[in-house]
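> Okay, here's the prediction I keep looking at, along with the sequence it came from:
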Amino acid sequence: MSALSSKVQAVFDEPGCDKNQGKSEKERKKGCTKQLQPGAAAGGCAFDGAKIALQPITDVAHLVHGPIACEGNSWDNRGAKSSGSRLYRTGFTTDVTELDVIYGGEKRLYKSIREVIEKYDPPAVFVYQTCVTALIGDDIEAVCKAAGAKFGKPVIPIDAPGFVGNKNLGNKLAGEALLDYVIGTQEPEYTTPYDINVIGEYNLSGELWQVKPLFEKLGIRILSCISGDAQYKEVAWSHRAKATMMVCSKAMINITRKLEERYGIPYFEGSFYGISDMSDSLRQTSKLLVDRGAPAELMERTEDLIREEEARAWQRLEPYKARLAGKKVLLITGGVKSWSVVSALQEVGMEIVGTSVKKSTVEDKERIKELMGEDAHMLDDMTPREMYKMLKDARAEIMLSGGRSQFVALKAKMPWLDINQERHHAYAGYDGMVALVQEIDKALYNPMWEQVRKPAPWEC
Amino acid sequence: MATVNTSRKNCTVNPLKMSQPIGAALAFLGLDRCLPALHGSQGCTAFGLVLFVRHFRENIPLQTTAMNEATTILGGMDNIEQAIVNIWNRAKPDIIGIASTGLTETKGDDVDGYIKLIRKKHPEFDDMAIVYVSTPDYKDAFQDGWSRAVTRLVEELAEPGQMDTRQVNILAGSHLTPGDIEEIRETVESFGLAPIVLPDLSGSLDGHIPEEFMPTTMGGTTVADIRRMGSSRYTIAIGEHMRPAAQALQDKADVMFTVLDRVTGLAACDDFIKLLADLTGNPVPLKYRRQRSQLVDAMLDGHFFFGGKKIAIGAEPDLLWAMSHLLAEMGCEIGAAVTTTQSPLLEKIPAEEVQIGDLEDLERKAQHCDLLITHSHGRQMAERLEIPFLRMGLPLFDVLGAAHRVSVGYRGTRDLIFEIGNMFMSHGHEATPATWGMPKEECNACAPATAH
């Protein structure tokens, strides 16, 4: 078995995930989601998932080893924000040619790494494997090792070529690379009893900055965020945190669990979406820190902060509750966000008439069931035509989804809101929840709906 | 005359280029009731799809054969068969366009052979056209994929026939927007001709609101139209990369053709209008005489702001050709020209050098330029260079109305001159007392500094 396929099998065996452990050996080998159907599949590949997970590390040069498609068709298209370096938004690729495919692309890769280091001097280079270069047998691990030794900088192989699976698998393989090569390689200048990791938060539209002040107010330091607005060194010293919050469902559970196994860092799974989820996350963070030796008074201060912030948020939401109560929402999104958004919308009295679970893990689905009850409308494989019909017949009044399906709603002349990675608004924390509700309200009550829904006068 | 250089770098930084398969996919998206599919891993499709969604702000029907490690090695015939069956069951399109990718080309799948076998096995597909084009990611660029797809469509579908003297073919290059195509079609129609445009993005991706939701394209060139192209009286190919398709049609159905290298700029538009007038023997409609004089006036009013300006352009060969000539004709100097792929046009571009390279190359060469023209990925360098930035090409993901920008014809050229001229005007520097300060060191005539 190759190194990659044994790695893939390893991430399919996840002791930290109850669902995974409940499966038979055979089922487990298939991974978390269904096999892809030719001619009826949508969504990104493992490479895409790995890139999504790691690209938010801002000062690293992210170098894609493959033909132009993998980087040229996709670079600088995600909304992860940085407070420092902008290098992560620079597109680097070996752009392999036909000759490389025939003779091998390792030399070009090695020289590319040298060029990147000479010109941009990043603290580390991440090298992403892709289908074509994997197929021709380019050994990126060996090239990275040689280049790292030669240039005296970490050069990290991210072995997640697109054809090994879907985005979720890519997230996990990216996590494995961090565990194998990055985490534990540097030490922070100092530590405090209040140091935490936030794992699975990508700082899309600056969402990390919506919650960071809350932690800071409690004196809690986000020692490392993987990977939103992170610097390489912060990831490298994440093993010194006292506790971990795992944000994005199970996408990076392998990092979280192995931080616990290897370094004894306990974790909990939480969400920044929705008022009660946010409060719960603060509470659990403080509890874990107190368990690890932080002064017990942290709990009281946490409850005070929660009380204040919740009151402030509800006060700001009050005017919207009457306008949004009972509004029917169709929620189509990747698995990682479904359940956290469901609970957020329920808080203002909106009714979820359906949620897609196409990309959700079994675990995600359980969470949704908990939130929406046994008769939850989980749509496993809803076609765009069915979504369109649902909106057109007003069985749903607004759709929340990722960018690529927005036109299903807009062409039915129904409101739509972007809640995926390309979105332009930040929805995390108390402020984010208020912002989300404001955006939904703006979308639903925009006066233009009345005009665009009216047929032309000569068609009446 | 320009020297054409290829970048010596190993690492491409900030790509200008996009890959062939999605160029082919976009050409297929200009067909009516079509569902294109990329023969590759699902990510190949996902990236292209997201890119087009962000550019057109439209639903993009694009499928994948969802290849994985094992199927790649064993060969993708089963996946192609399943993909066609699934697409047929869900969408019943008139045509499926399949483009290969780097992955399946590296393996060497014989897709033409597969399709023959699949056709034999599934007579129910007999009425559905299936056109395959080979477009490895590791060769050439977007524009080449588009060109190959259109050529394959003509080769596979066009049929020789009795000549219809009113009917002409317009082969539209990938640098034309739906708005451009609409402008061209109207112009052709105004001479009493009935054009068949291939591919016709103005039918499918112009942002119309359909009455129901369909899993295929809605609007665009129909398969029946493509079949009838062999009966046309003449073919007008717009963009040099449309020449192979025009040639293929001539070889197959004896339809003569002219390649118009561009339809932007006064002289170029004159050629276009003259060609239509010569073809039909009709006088040039009043509308275009008036538009021509408006363009002449725009050039007179605008030239003050263009003269001597240095322009940096990053674009695929045919767009680079059209824009560099227009700007050179208005008195600008093309200070930096970077493109994606080889083309016979490159050495005739009015610049000293044309580089096949990336946006890092363009940024380095653009240091002393007054205007940057490239697709939306130029946004970071425009910020760093602090010069005005005209977004052109594809993708344009940070503006509205990308599909409706018109830069062809007298009217389109006129508006483009205004747009660029306005950028120069609003970035002009107001004079200050320091503007004409004497250089310090060489100032022999200066009065000696007074000691205090």
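Done, it's in.
> so what's the backbone phi/psi at the closest residue to B:F56 other than its chain neighbours?
Closest residue to B:F56 apart from its sequence neighbours, by C-beta to C-beta, 6 or more residues apart in numbering or on different chains: B:L205 at 4.9 Å. C-betas here are computed from N, CA, C, even on glycine. Dihedral pair for B:L205: phi -120, psi 40, per degrees, to the nearest 10.
> Kindly provide the distance from B:L205 to B:P93.
As judged by C-beta to C-beta, to the nearest Å, B:L205 and B:P93 stand 16 Å apart.
> before we move on, what about B:G113?
22 Å.
> ok, which stretches of chain A are strands?
Using DSSP state E, the strands of chain A run over residues A:61-65, A:92-93, A:125-129, A:155-158, A:195-201, A:221-227, A:243-246, A:267-269, A:328-332, A:351-356, A:378-379, A:398-401, A:416-418.
> Which segments of chain B make up each domain?
Domain ranges of chain B: B:17-156, B:159-285, B:290-426, per automatic domain parsing.
> quick one, which of B:G113 and B:P93 is more surrounded?
For B:G113 versus B:P93, the count of surrounding residues by other C-beta atoms under 10 Å in any protein chain shown is larger for B:P93: 25 against 10.
> isn't the more buried one right up against B:F125?
No: counting by C-beta atoms under 8 Å, B:P93 sits too far from B:F125 to count as a contact (10.6 Å).
> How many residues are close by the residue nearest to B:F56?
B:L205, neighbours per other C-beta under 10 Å, totals 28.
> can you put the domains of chain B in JSON lines and add mean pLDDT?
As requested, these are exported to JSON lines (pLDDT from 0 to 100):
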{"stretch": "domain B:17-156", "mean pLDDT": "96"}
{"stretch": "domain B:159-285", "mean pLDDT": "96"}
{"stretch": "domain B:290-426", "mean pLDDT": "97"}
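> quick check, B:T435 in a helix?
Yes: counting by DSSP: H, G, I helix; E, B strand; the rest coil, B:T435 is part of a helix.
> Now do the same for it: its pLDDT.
B:T435 is assigned 82 on the pLDDT scale.
> Contacts only, for it.
For B:T435, the contact set (C-beta atoms under 8 Å, 6 or more residues apart in numbering or on different chains) comprises B:H429.
> again, but for A:G403
A:418, A:420, A:422-423, B:50, B:53-54.
> ok, these vs B:L153, which is closest?
B:V53 (23.6 Å; C-beta to C-beta).
> Now do B:G192 against B:T165, distance only.
Counting by C-beta to C-beta - B:G192 and B:T165 are separated by 10 Å.
> oh, I was asking about A:T185
For A:T185, the distance to B:T165 - C-beta to C-beta - is 76 Å.
> cool, B:T45 as well?
Note on B:T45: its distance to B:T165, by C-beta to C-beta, is 42 Å.
> Who has more neighbours out of these two?
Legend: neighbour count by other C-beta under 10 Å for B:T45 and B:T165, higher for B:T45 (30 against 13).
> Which phi and psi values does the more buried one adopt?
phi -70, psi -40.
> if I pick it, what's in contact with it?
By C-beta under 8 Å, 6+ apart, B:T45 lies in contact with A:41, B:37-38, B:62-64.
> mind putting these in a markdown table, neighbour count, secondary structure and distance to B:R152 included?
Shown next, in a markdown table, are the contacts of B:T45 (neighbours: other C-beta atoms under 10 Å in any protein chain shown; DSSP: H, G, I helix; E, B strand; the rest coil; distance: C-beta to C-beta, whole Å):
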| residue | neighbour count | secondary structure | distance to B:R152 |
| --- | --- | --- | --- |
| A:A41 | 20 | coil | 24 |
| B:A37 | 27 | strand | 14 |
| B:L38 | 35 | strand | 15 |
| B:L62 | 27 | coil | 17 |
| B:Q63 | 29 | strand | 18 |
| B:T64 | 29 | strand | 19 |
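> How about the residue of the stretch 1-150 of chain A found nearest chain B: what's its closest non-neighbour residue?
Using C-beta to the nearest C-beta, the closest approach of the stretch 1-150 of chain A to chain B is made by A:C45 at 2.7 Å. Of all residues not flanking A:C45 in the chain, B:G43 sits nearest, at 2.7 Å (C-beta to C-beta, 6+ apart).
> Was I right to think B:F397 contacts B:S376?
Yes: at 5.0 Å, B:F397 and B:S376 qualify as touching, with contact defined as C-beta under 8 Å.
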